[in-house]
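Colleague: coordinates only, sequence not included:
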């Protein structure tokens, strides 16, 4: 557990060990609410080394690529009916579903510091 914490916190490698390179890939899911749940936008963003290479945007209804790799990835993901349907239903399944749970916490604390 301590080793994991040190790695996560950015501890240097052990004596004599060198890191050749560090790569980071992550996805970020965002729900944007306008006027409560009247208008909801879901974004599923894919980022590699701080560069967003692809995204699903519920307003567009499909994956879009922003780099050559991202364009190929988006084209592939858009060819998978189950994946595309799962992303398209995220507005209701992921965003609206959680709205009631998180709204009281967020709205009540919006002006607090």
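Modeller: Looks like it came in fine. None of these values were measured; they are calculated from a predicted model. Residues are numbered from 1 along each chain as shown.
Colleague: which secondary structure elements does the helix or strand hosting residue 54 contact?
Modeller: Applying DSSP states H and E as the criterion places residue 54 in strand 51-57. With contacts defined as 3 or more CB pairs under 8 Å, 6 or more residues apart in numbering; DSSP states H and E, the packing partners of strand 51-57 are strand 39-48, strand 62-65, helix 68-78. Where you see a C-beta, it was placed from the backbone N, CA and C, and this is true even at glycine.
Colleague: gap between the last one and the chain center?
Modeller: Going by CA atoms, centre = their mean, to the nearest Å, the spacing between the C-alpha centre of helix 68-78 and its chain's C-alpha centre is 16 Å.
Colleague: before we move on, the earlier item: what strands line up against the strand holding residue 54, and which way round?
Modeller: strand 39-48 (antiparallel), strand 62-65 (antiparallel) (DSSP bridges).
Colleague: hmm, who's touching that strand?
Modeller: 41-47, 62-67, 69-71, 73-74, 77, 87, 90 (CB atoms under 8 Å, 6 or more residues apart in numbering).
Colleague: tell me the contacts of the most centrally placed residue in the chain?
Modeller: Ranked by distance to the mean C-alpha position of the chain (CA atoms, centre = their mean), the top residue is residue 28 at 1.2 Å. With contacts defined as CB under 8 Å, 6+ apart, the neighbours of residue 28 are 43, 44, 45, 47.
Colleague: tell me the most packed of those, by neighbour count.
Modeller: Compared across these, residue 44 has the highest neighbour count, 19 neighbours, by other CB atoms under 10 Å.
Colleague: was I right about that residue contacting residue 29?
Modeller: Yes: contact criterion CB atoms under 8 Å: residue 44 and residue 29 qualify, at 5.3 Å.
Colleague: please enumerate the shared neighbours of the two.
Modeller: Shared contacts of residue 44 and residue 29, defined by CB under 8 Å, 6+ apart, are found at residue 90.
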